[in-house]
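**Student:** Here's my sequence, what's the structure:
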Amino acid sequence: MNETAYHHVRTTPADPPVGCPVNHDFTPLAPNYVEDPYPILARLRDETPVAYAPKLGFVVVSRMQDVQHVLLNPDVYSSANAQDPVFPVGEQAAAILVHPDFNPVAVMSNRQEPDHGRIRQYTKKGFTNRRNKILEPYIRRRASELIDEMMAKGTPADFIAEVAQPLPGEVIFRFVGFPETDDQQLKQWCGNRLAFSWGQPSASEQVEIAQNMVAYWQYVQQFTADKRNNPGDDLASELLADHEANPDDLSYREVESILYGLSFAGHEPVTLLLGNALLSLLPQRQVWDNVCADPSLIPHALEEVLRWNSPQIGWRRITTCNTTLAGVDIPAGTQVFLSLGAANRDPAEFDNPDVYDLDRSNARHNISFGKGNHFCLGAKFARFEAKVIMEVLTQKLPSLRLVQNQEIHQFPNISFRGPSRLGVGWDTATT
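**Tutor:** Numbers count the residues shown, from 1 in each chain. This next block holds a predicted model:
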């Protein structure tokens, strides 16, 4: 196995650990969990806070203090598996991904120290207040355009399809430097990464996803080569300039791989955050009205969404050595599932954790963006982008409401949560 490969593909199940408590029922792919994970997570956190789940193949950790301990000890709990498919991959799809032309390397979420810190110091320079200011007019303009187009089509509408899905993708593509003419093709290539790395796609779906991943990687390679000759004011150009100045410290392949990885990490969580924000705020009419009347409340409202209904409710680690967590012995090589959703509603950390509270003073103590050396590099930008979009939305559509009695569909996967579609309506007389 190439330890620096971006994806490690298994074709056989992992061995269960010996001597660990077992929770035979838990799986984040069960229909009742997908519909509403929080009652299940509360029982898990209270009864077996560290336990092996055979249906998942991971040791599940659900208390805030234990999740934080794992994230703050990267030498013991490696991030090397963070981007790997959860379940074994079929031989046909695996054969596509071992093609020599598909060779991105691990760079950020799944790269260990000291390389992670070395690469991160270059990447984080792109996530600056200056970049936010450059992109803010674009975000506001496109948000306004997409909302206007949704309103023109009439009520009701699917907020995800009309606004929350296309906009964050376009924003991260501008951030990287991809041309607008390529947006639709890029969205097609990147749209099913969630299923591959965090879901349980069928064999035929795996093949299609693998083909798209290879096609997208080849696009990134060509784009990077073209950008090298035609730099602009974007992240790709900045990284290439850093490579030229420090070729022994930041490799060309690492630049390509950073751009490859941002395709998903840079937009899917924001799409889910926007959907979850409406699911959290609109049923509480007074809260929504308060936010519309006072946009300065939006950042804190979103922070409580991140805690109460986070777009990222699970993440992964793998042990590098034998260790003990909360009195439970865990062997080296054990896959660990960190239940961020359970931790974000831990009553030891948050009073009345199952209540969305706009006035909660410690909402920012949520762990939705991680903690420690792998704290999400784009967290500040994601918060900023969501804030700007919500400012435009609340200004244009204060009468926005959820379509009554709709069935909310969530895509089954272990890490991300948000509606795949969301019916909304509004008062046309006031728009």
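
**Student:** What count of nearby residues applies to residue 38?
**Tutor:** Residue 38 has 17 neighbours, counted by other C-beta atoms under 10 Å. Where C-beta positions appear, they are placed from N, C-alpha and C, glycine not excepted.

**Student:** from here on, count from 887
**Tutor:** Sure, I'll start numbering at 887, so the last one becomes residue 924.

**Student:** ok, now which ones touch the spatially closest residue to it that is not a sequence neighbour?
**Tutor:** Leaving out its chain neighbours, the residue that sits closest to residue 924 by C-beta to C-beta, 6 or more residues apart in numbering is residue 1231, at 6.1 Å. Counting by C-beta atoms under 8 Å, 6 or more residues apart in numbering, residue 1231 touches 924, 927, 928, 1193, 1194, 1239, 1240.

**Student:** so what secondary structure elements neighbour the helix ranked longest in the chain?
**Tutor:** Longest helix in the chain by number of residues, with DSSP state H as the criterion: helix 1089-1115. Counting contacts by 3 or more C-beta pairs under 8 Å, 6 or more residues apart in numbering; DSSP states H and E, helix 1089-1115 packs against helix 977-983, helix 1069-1076, helix 1079-1084, helix 1121-1131, helix 1138-1151.

**Student:** possible to save those as JSON lines with mean neighbour count and mean pLDDT?
**Tutor:** Below are the helices and strands packed on helix 1089-1115 laid out as JSON lines (neighbours: other C-beta atoms under 10 Å; pLDDT from 0 to 100):
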{"stretch": "helix 977-983", "mean neighbour count": "16", "mean pLDDT": "90"}
{"stretch": "helix 1069-1076", "mean neighbour count": "17", "mean pLDDT": "86"}
{"stretch": "helix 1079-1084", "mean neighbour count": "21", "mean pLDDT": "81"}
{"stretch": "helix 1121-1131", "mean neighbour count": "19", "mean pLDDT": "96"}
{"stretch": "helix 1138-1151", "mean neighbour count": "23", "mean pLDDT": "88"}
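
**Student:** list the buried ones in the strand or helix carrying residue 1178?
**Tutor:** Using DSSP states H and E, residue 1178 sits in helix 1171-1179. Within helix 1171-1179, the residues scored as buried using 16 or more other C-beta atoms under 10 Å are 1173, 1174, 1177, 1178.

**Student:** now swap in stretch 978-997 and tell me
**Tutor:** Here stretch 978-997 shows 979-980, 982-983, 988-997 as buried, counting by 16+ other C-beta under 10 Å.

**Student:** Low-confidence ranges, the stretch 1037-1186 of the chain, go.
**Tutor:** By pLDDT under 70, the weakly predicted segments of the stretch 1037-1186 of the chain are 1077, 1150-1152.

**Student:** re the thing from before, can you redo the buried residues of stretch 978-997 as CSV with distance to residue 914?
**Tutor:** Compiled in CSV, the buried residues of stretch 978-997 are given as follows (distance: C-beta to C-beta, whole Å):
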residue, distance to residue 914
979, 22
980, 23
982, 26
983, 24
988, 28
989, 31
990, 26
991, 28
992, 24
993, 26
994, 24
995, 19
996, 20
997, 25
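
**Student:** Between the residues you listed, which sits nearest residue 1046?
**Tutor:** residue 995 (24.7 Å; C-beta to C-beta).

**Student:** where does that closest one land on pLDDT?
**Tutor:** For residue 995, the pLDDT comes out at 83.

**Student:** any chance you could map the helices in the stretch 1187-1317 of the chain?
**Tutor:** 1226-1230, 1265-1282 (DSSP state H, counting those that start in this stretch).

**Student:** Residue 1006: which of the ones you listed is closest?
**Tutor:** helix 1265-1282 (13.1 Å).

**Student:** So which bits of that closest one are buried?
**Tutor:** Neighbour-count burial for helix 1265-1282 [16+ other C-beta under 10 Å]: 1267-1272, 1274-1280, 1282.

**Student:** and residue 1280, what is it in contact with?
**Tutor:** Per C-beta under 8 Å, 6+ apart, neighbours of residue 1280: 1177, 1178, 1181, 1184.

**Student:** Kindly supply the PyMOL command isolating those of the contacts of residue 1231 that are buried.
**Tutor:** The buried residues among the contacts of residue 1231 can be selected in PyMOL (16+ other C-beta under 10 Å) with this line:
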select buried, resi 924+927+928+1193+1194+1239
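
**Student:** Show me which pair in the contacts of residue 1231 is furthest apart.
**Tutor:** 928 and 1193 (14.7 Å).

**Student:** Find the residue closest to residue 1163 in space, skipping its chain neighbours.
**Tutor:** In space, residue 1163 is closest to residue 1191, 4.9 Å off (C-beta to C-beta, 6+ apart).

**Student:** what does residue 1143 give?
**Tutor:** Counting by C-beta to C-beta, 6+ apart, the residue nearest residue 1143 is residue 990, at 4.2 Å.

**Student:** List the contacts of residue 909.
**Tutor:** So residue 909 contacts 930, 934, 937, 938, 939, 946 (C-beta under 8 Å, 6+ apart).

**Student:** Rebuild these as a markdown table, extending it with distance to residue 1115 and pLDDT.
**Tutor:** Below are the contacts of residue 909 laid out as a markdown table (distance: C-beta to C-beta, whole Å; pLDDT from 0 to 100):
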| residue | distance to residue 1115 | pLDDT |
| --- | --- | --- |
| 930 | 53 | 95 |
| 934 | 57 | 94 |
| 937 | 54 | 95 |
| 938 | 52 | 94 |
| 939 | 50 | 94 |
| 946 | 49 | 96 |
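
**Student:** Thanks again, I'm all set now.
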